[in-house]
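[1] this one's structure only:
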């Protein structure tokens, strides 16, 4: 079945450092891919998406490129801020009749220090 | 404001005492689901509903029940909670966005319910 694998965490960075969180997936065909973010005490919210191969999703300074050759969707940010401290989830949809179902990676905890 | 509202946010209960976690959305979405979040496992779907009176099992349905009598509400019921159901629970409603190859589904999540069963 479909699956998502994220890099092991937690990740601790200093403010203005470069961030990469790796995500690879196994799926049939070329599904949409997502990054969701969970800030402390809150639910998940969509951070960015890519709906087809070679698309680049971007939002709030974060970027991720859908690479079908390597089945990857790595999340990057050039200069992190303390306010980026959160848990990040890579996800892909089930598709078909269960279109609302998401398969998530394990989550990566990011802590950014001043 | 568009939102998914869960209650309660925190709950401590004893083994075997029935409980219900409520979920309500005001976006008129047809698809709703429940997930549980456990360390190292990400989120896993418990049950989902495609529309009123239509529900089905997700990946980890054992020990849970749901109902969908109204479009906006999707309560999660634990008839006889056990300690292995201690977890963080999220309700979500989903919407299909766009058309053709750019179509995708966006999920909107509640703030979560932290359940402890002792």
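    That came in fine, so what should we check first? Remember, predicted model here, so these are calculated numbers, not experimental data.

[2] contact residues of chain A facing chain B?
    A:4, A:6, A:32, A:34, A:36, A:41-46, A:49, A:51-52, A:89, A:93, A:97-102, A:104-107 (C-beta under 8 Å from any C-beta of the partner chain). The C-beta positions use only the backbone N, C-alpha and C, and glycine is treated the same way.

[3] so of these, which ones are in strands?
    Residues of the residues of chain A next to chain B located in strands (DSSP state E): A:4, A:6, A:34, A:36, A:44, A:45, A:46, A:49, A:89, A:93, A:102, A:104.

[4] wait, the last one touches residue A:93, no?
    In other words, residue A:104. No - the pair residue A:104 / residue A:93 is not scored as a contact, 10.8 Å apart, by C-beta atoms under 8 Å.

[5] please name the nearest non-neighbouring residue to residue A:108.
    Nearest residue to residue A:108, sequence neighbours excluded (C-beta to C-beta, 6 or more residues apart in numbering or on different chains): residue A:9, at 4.1 Å.

[6] that neighbour and residue A:64, how far apart?
    17 Å (C-beta to C-beta, to the nearest Å).

[7] who's more crowded, those two?
    Higher neighbour count among residue A:9 and residue A:64: residue A:64, with 26 against 16, using other C-beta atoms under 10 Å in any protein chain shown.

[8] tally of neighbours for residue 74?
    Since you didn't name a chain, this refers to chain A. 18.

[9] you looked at the wrong chain, it should be chain B
    Neighbour number of residue B:74 under other C-beta under 10 Å is 30.

[10] pLDDT below threshold where in the chain?
    By default, I'm working from chain A. A:95-97 (pLDDT under 70).

[11] again, only using 90
    Within chain A, the segments meeting pLDDT under 90 span A:1-3, A:7-9, A:27-32, A:41-42, A:51-53, A:93-102.

[12] residue A:12 - nearest residue in space that isn't next to it in sequence?
    residue A:111 (4.8 Å).

[13] quick one on the thing from earlier: any idea how far the residue nearest to residue A:108 lies from residue A:99?
    Plainly put, residue A:9 is 29 Å away from residue A:99 if you go by C-beta to C-beta.

[14] re the thing from before, for the residue nearest to residue A:12, what are its contacts?
    Neighbouring residues of residue A:111 by C-beta atoms under 8 Å, 6 or more residues apart in numbering or on different chains: A:10, A:11, A:12, A:13, A:85.

[15] adding neighbour count, write those residues out as CSV.
    Listed next are the contacts of residue A:111 as CSV, based on neighbours: other C-beta atoms under 10 Å in any protein chain shown:
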residue, neighbour count
A:10, 10
A:11, 17
A:12, 12
A:13, 16
A:85, 16
